[in-house]
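In: Generate a structure from the sequence data that follows.
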Amino acid sequence: MQKSAESRRSRITEVSNELEFCIAPRDGKGSAAAVINSDRSGRVTPEVNPLHVVELNISRKSGIRELNAHLPGLVGSLIRTADECGCMIYSGSSVLSDISAVEPRKYRTTMLSKSLGRGLLSITSQQIVIGVNDSSLGFRLYNTFRLVNPVLLALSASSPYSYGREGGLESSGYQSRRMPQYERMCSFLPEAMYRDEPHISGMREYSARLGMISDEVNVRLSSGRLDTDSEAIAMESGKGLFPFDRLQPHQLYNPTRIRPDHDNRGMGGESVMSIELRVCDIPTTTLRMQTINAFVLGLAHYVELSDGSLGIPAELDGSFRNLMAAARGGARAAVDGENIGAVTQRLGRKAGEGLRMAGCLEEAEELRERLDYIASVGNDAMAMGRSRFDSPDHLRAHLAERLRKGE
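Out: Alright, predicted model coming up:
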């Protein structure tokens, strides 16, 4: 049953991608900085790892059709720019290079915790940002996706390997190594800053939670319980980052970020806030990135336009243990008896309904076909596991070619 025209005034206003790609020099030449400096679009920006990672921003598109239409061309342009700079660009959520001598970029959070800064050097992601014109819809989306996140992680998992200490290729034991990495690198920070995601009913409750987390970080900082970069903090003191009373929304590392700072009405936009989905590994092809976008936006439109239930099983409760199970087992993971692959198929049908409600009939059919294909051949991590890679160089070359050519 669809909602009345009156209630449809709450709507999704815009969608964006933040796609983090890995860069490797060829013949010792080139770097992420060179790629950023050569980019003419203004869409490519630096990340915490200034040598091996760049972020491609596909911002403020009207919906899934426009977002996915722009994605392949912009990724292709980034590949050509990297070629011109003597670099190899590849996808998948592991930086397969030696990061031991790399210094993280200086942000408030990377200075608050050196473990966090170093941990962020070697992982990447695909982020999807959904703007809304009404905060009640924004919190309905938050409370939906905090439960759906294990499915998104299992569908996108692409980081079963890491760069080993001796320069070899190491199996992480997970299909996505990002969740165990977050657990390690955030160990000095309050768990509420990255871990379980509770139900949040509205902006007042969110603001109180952000204030509580900020206070706890400051208590840990003042009592010496954080692994701070004290020298860097001393140099930054008084310049706007330190001291601080309150963290900014983007300085929390939960898989589902609430972004009231994305209110763009003062700049002629319609969004009062956005929900930023950060749980996904970045897939190894643009087709799979588009599939993740369509799956997410289909579910978002279902929440926006239907009174019906998504049928998310109660076992998916927003807990970090659910994410760890999905990170390890992917679609084969079971959460208290619920198989993630089966849940993915059920939610895929709901996502198709949501796309059709939004008038995206072709996208709904394409999503069905792509989810069936991934169910038959597996996610990126499973595909890597079926091949034999003898070194980081070997896997990097494979991933670069896969990004260039596709499935």
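In: Confirm that Leu141 lies within a helix, as I assumed.
Out: Yes: under DSSP: H, G, I helix; E, B strand; the rest coil, Leu141 falls within a helix.
In: For it, which residues are in contact?
Out: Ile130, Val132, Ile275, Ala300, Val303 (Cβ atoms under 8 Å, 6 or more residues apart in numbering). C-beta here means a position set from N, CA and C on the backbone, and glycine is covered the same way.
In: Just those: which are in strands?
Out: Among those, the members falling in strands (DSSP state E) are Ile130, Val132, Ile275.
In: Apart from its neighbours in sequence, what residue is nearest the second one?
Out: Nearest residue to Val132 in three dimensions, chain neighbours excluded: Gly138, at 4.5 Å (Cβ to Cβ, 6 or more residues apart in numbering).
In: residues touching the one you found, list them.
Out: Applying Cβ under 8 Å, 6+ apart, the residues near Gly138 are Val132, Ile258, Val272, Met273, Ser274, Ile275.
In: In the chain, where's the longest strand?
Out: From DSSP E, the single longest strand across the chain is strand 12-25.
In: Which elements pack onto the next helix or strand after it?
Out: The C-terminal neighbour of strand 12-25 among helices and strands, as given by DSSP states H and E, is helix 32-38. Helix 32-38 sits against strand 44-46, strand 53-61, helix 64-84, strand 87-90, with contacts defined as 3 or more Cβ pairs under 8 Å, 6 or more residues apart in numbering; DSSP states H and E.
In: what's the most buried one of these?
Out: strand 87-90 (a mean of 24; mean count of other Cβ atoms under 10 Å).
In: Now do that strand: everything it contacts.
Out: Strand 87-90 has contacts (Cβ under 8 Å, 6+ apart) with 21-26, 29-32, 34-35, 78-79, 82, 96, 284, 396-397, 399-400, 402-403.
In: Give me the ChimeraX select line for the residues you listed, limited to the buried ones.
Out: Per 16 or more other Cβ atoms under 10 Å, the buried members of the contacts of strand 87-90 correspond to this ChimeraX selection:
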select :21,22,23,24,25,30,31,32,34,35,78,79,82,96,284,396,399,400,402,403
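In: before we move on, back to that, please identify which of the contacts of Gly138 is nearest to Gly348.
Out: Of all these, Gly348 sits closest to Ile275, with 20.1 Å by Cβ to Cβ.
In: hang on, isn't that closest one packed against Val132?
Out: Yes: with contact defined as Cβ atoms under 8 Å, Ile275 counts as touching Val132 (7.4 Å).
In: Which parts of the stretch 151-300 of the chain are helices?
Out: 178-185, 203-222, 230-236, 286-305 (DSSP state H, counting those that start in this stretch).
In: With mean pLDDT and distance to Gly352 as extra columns, can I get those helices in TSV?
Out: Below are these laid out as TSV (pLDDT from 0 to 100; distance: least, Cβ to Cβ, whole Å):
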stretch	mean pLDDT	distance to Gly352
helix 178-185	98	27
helix 203-222	98	31
helix 230-236	93	49
helix 286-305	98	6
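In: and the ones you listed, which is most packed in?
Out: helix 286-305 (a mean of 24).
In: Which elements pack onto it?
Out: The helices and strands touching helix 286-305, judged by 3+ Cβ pairs under 8 Å, 6+ apart, are strand 12-25, helix 64-84, strand 126-132, helix 135-156, helix 340-357, helix 361-377.
In: hmm, who's touching the shortest one?
Out: Applying Cβ under 8 Å, 6+ apart, the contact partners of strand 126-132 are 10-20, 60, 138, 141, 156, 259, 262, 264, 269-278, 280-283, 289, 292-293, 296-297, 300.
In: how far does that strand sit from the chain's center?
Out: Chain-centre distance of strand 126-132: 9 Å, with Cα atoms, centre = their mean, to the nearest Å.
In: which among the contacts of strand 126-132 end up buried?
Out: Buried among these (16+ other Cβ under 10 Å): 10-20, 60, 138, 141, 156, 259, 262, 264, 271-278, 280-283, 289, 292-293, 296-297, 300.
In: got any ranges where this structure has weak pLDDT?
Out: 1-8 (pLDDT under 70).
In: So for it, which residue is the most central one in space?
Out: In the chain, the residue lying closest to the centroid (Cα atoms, centre = their mean) is Arg278, at 3.0 Å.
In: Appreciated, that's everything.
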